[in-house]
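>>> Curious how this folds, go ahead:
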Amino acid sequence: MKLIFDCRFIRNDHHDGISRFSTELFSALAKQIDLVALISDKRVLKWLPADTEFILGNAPTNALAELGLARKLNSQGATHVFSPMQTMGSLGKKYKLVLTLHDLIYYFHPKAPSSLPLLVRFAWRLYHLSFTPVRILLNRADAVVTVSETSKDLIEKNRLTTKSVHVIYNAPESRSVIDEIARPSSVAVRNKLVYMGSFMGYKNVEVLVEAMRLLPHYELVLLSKISSKRKSRLRELAGSAESRVTFKNGVTELEYATELAGAFALVSASKDEGFGIPLVEAMGYGIPLILADIPIFREVAQEAARYFDATSAELFAKQVLELEKPGMWDELSANSRVRGDFFDWDKSASQLLDVLKKL
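From the prediction side, this is the model:
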C-alpha cells in the first residue's frame, strides 16, 4: 500500500478543528505505516513527525489545479488516498479514495463564521443550502469517514452517499502541559463553570448566563474570543450576576489547561453540535460535564455528564446544584476519566487503517 494523506488543511499559524484532526491522525498513523503527506505549504511540516515524506501540491482552494490533482497522485504511485475533507479532486484517479464529512452542523445552521471574508461567507451559505453538492462529492469516494455515530446516522438518514460510512473518532490534542497543572485538592474550593466554544446563536450561551442569577456561589468563565457587541448583550443578560460572568476573550494552551483542571464542571447549553472536542478535553482532566440533552453530547460524554433541557436556565442551575451532593462530583469525575480514555488518536488511526486495507 502506498498511502498519501491530504495534509493541505493543516494551518501554519494555529490549529482549527480540521487542522488539528489532520495533524493528530497523520502523526498517529505514521507510527503504524509508512505514508506520504500531500502539502501545499512546507511550513506545516513543523506539525508533522520529523523526516515526513511529502509531495508538494496545489492549495485546496485552487479549484482549477484541483482538477489535475488525481493525475499527480497517480504519477506518484498512490494506491490509497485519505483526505480529512470531502472536496479533494479525484478526476481520473487510479487509487482508492477515502473522504471525510465531519458533521452536518452547517447544513442545519448555515450562517458562516463572521471572521470569514464576505465573499467566502456568501459561497459558504450557498453551498450549505442544499445536500446536492455534498452528495456529488462524497459519491466519488470509495469510502466515507465521519467522527461520530450521530453524524453517521444523519449522513445515512439524509442519503448523502451510497458508499460505506465509517466512524473515526476525534480525540484530544496531544498536550505536554497536562501534568504540569496544579489541581485543587478539594471539590469544595472549585466554583468555576467553564465554557469553551463559539458564541453563534445555536450555541445558546444565553441560558448559561441567565442561570448565573440562580447560582450565587459560582463563576461562569467564557474562554473563547467574542465580539464587543455580543459581549455587551450577554453582560446585560447577566444582570445582577454580571460580576460572576468572566470573558477571557481567548486563552493560551496553558491557560486553557489551567481553567479546565480547576473547574467545577465544563458546561454547554448548545442546541446542536458537530462533535464537542471541549468535552473530550475536559474528560482528560476528570472534570464532570453539565450539558444540553442532545444526541451528540449523549454519545460523547455518556456517564461523565448530567444533562438538562437546553431551553431552561433553571434546569441547568438544578444540575449544577445536584453535583454538590455528597459523592456526586467524585463519581462523575471518575466517570469522566474513564470515558476520556476512550478517545485516543492511536486507536482512531488503527481504525482508519482497517478501513483502507479493506478497500
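>>> Now do the same contact list for Ala70.
Applying CB atoms under 8 Å, 6 or more residues apart in numbering to Ala70 gives the contacts 89-94. Bear in mind the C-beta positions are built from the backbone N, C-alpha and C, glycine included.
>>> residue nearest the centroid of this protein?
Note on the chain: the residue nearest the mean C-alpha position is Ile277, at 4.3 Å, using CA atoms, centre = their mean.
>>> The residue nearest to it when sequence neighbours are not counted: neighbouring residues, count only.
With sequence-adjacent residues excluded and distances taken as CB to CB, 6 or more residues apart in numbering, Ile277 is closest to Asn170, at 6.0 Å. Other residues within reach of Asn170 by the criterion other CB atoms under 10 Å amount to 23.
>>> In three-state terms, label Thr246 for me.
Assigned with DSSP: H, G, I helix; E, B strand; the rest coil, Thr246 falls in the strand class.
>>> now the one 5 residues further on
Assigned state for Val251: coil (three-state reduction, three-state DSSP).
>>> What of Arg213?
Local secondary structure at Arg213 is given as helix here, using three-state DSSP.
>>> how many other residues sit next to it?
Should you count by other CB under 10 Å, Arg213 turns out to have 16 residues around it.
>>> list the contacts for it?
Residues in contact with Arg213 (CB under 8 Å, 6+ apart) are 238-241.
>>> List only buried entries from these.
238, 241 (16 or more other CB atoms under 10 Å).
>>> Which of the contacts of Arg213 fall in strands?
Cross-referencing these with the strands (criterion: DSSP state E) gives no overlap at all.
>>> export the contacts of Arg213 to JSON lines and tack on pLDDT?
Output for the contacts of Arg213, formatted as JSON lines (pLDDT from 0 to 100):
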{"residue": "Ala238", "pLDDT": "95"}
{"residue": "Gly239", "pLDDT": "93"}
{"residue": "Ser240", "pLDDT": "93"}
{"residue": "Ala241", "pLDDT": "95"}
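>>> Make CSV out of the contacts of Arg213 and add distance to Glu281.
As requested, these are exported to CSV (distance: CB to CB, whole Å):
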residue, distance to Glu281
Ala238, 25
Gly239, 31
Ser240, 31
Ala241, 26
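>>> biggest separation within the contacts of Arg213, which pair?
The most widely separated members of the contacts of Arg213 are Ala238 and Ser240, with 7.7 Å between them, by CB to CB.
>>> helix/strand/coil for Phe343?
Three-state call for Phe343 (three-state DSSP): coil.
>>> the strands in the stretch 51-200 of the chain, which residues?
For the stretch 51-200 of the chain, strands defined by DSSP state E, counting those that start in this stretch occupy the ranges 54-56, 80-82, 96-100, 143-146, 165-167, 192-195.
>>> Nearest to Lys271, out of those?
The closest of the strands of the stretch 51-200 of the chain to Lys271 is strand 192-195. By CB to CB, the value is 14.4 Å.
>>> Check which residues of stretch 53-66 are buried.
Neighbour counts over stretch 53-66 (16+ other CB under 10 Å) mark 54-55, 57-58, 60, 66 as buried.
>>> shouldn't Arg171 be in contact with Asp341?
One thing to correct before we go on: residue 171 is Ala, not Arg. No: the pair formed by Ala171 and Asp341 falls short of the contact definition of CB atoms under 8 Å, at 10.3 Å.
>>> Compare these two (neighbour count), which wins?
In terms of neighbours (other CB under 10 Å), Ala171 is the more surrounded of Ala171 and Asp341; the figures are 25 against 11.
>>> With Ala211 as the reference, measure out to the closest residue to the more buried one other than its chain neighbours.
If you skip the residues right next to it in sequence, Ala171 has Phe343 as its closest partner in space, 4.2 Å away by CB to CB, 6+ apart. Computed with CB to CB, to the nearest Å, the distance linking Phe343 and Ala211 is 28 Å.
>>> what about those two, which has more around it?
Neighbours were counted for Phe343 and for Ala211 using other CB under 10 Å; Ala211 has more, 27 against 19.
>>> Distance-wise, check the nearest residue to that one once chain neighbours are set aside relative to Arg233.
Setting aside the residues directly before and after it, Ala211 is nearest to Ala313 in space (CB to CB, 6+ apart), at 4.0 Å. Going from Ala313 to Arg233 by CB to CB gives 16 Å.
>>> between those two, who's got more neighbours?
Neighbour comparison, Ala313 and Arg233: the larger count goes to Ala313, with 19 against 14 (by other CB under 10 Å).
>>> In the protein, where is pLDDT below threshold?
Scanning the chain with the threshold set as pLDDT under 70 gives 113-116, 175-189.
>>> Spit out the contact partners of Leu359.
When contacts are counted by CB under 8 Å, 6+ apart, Leu359 is found next to 80, 96, 98, 142-143.
>>> Quick check: the gap between the residue nearest to the centre of the chain and Tyr106.
16 Å.
>>> partners of Ala305 in the sheet?
Per DSSP bridges, the residues bridged to Ala305 are Leu289.
>>> from what I can see it touches Ile294, true?
No: distance between Ala305 and Ile294: 11.2 Å, which falls outside the contact criterion (CB under 8 Å).
>>> Between the two, which is the more surrounded one?
Ala305 (28 against 18).
>>> Lovely, talk soon.
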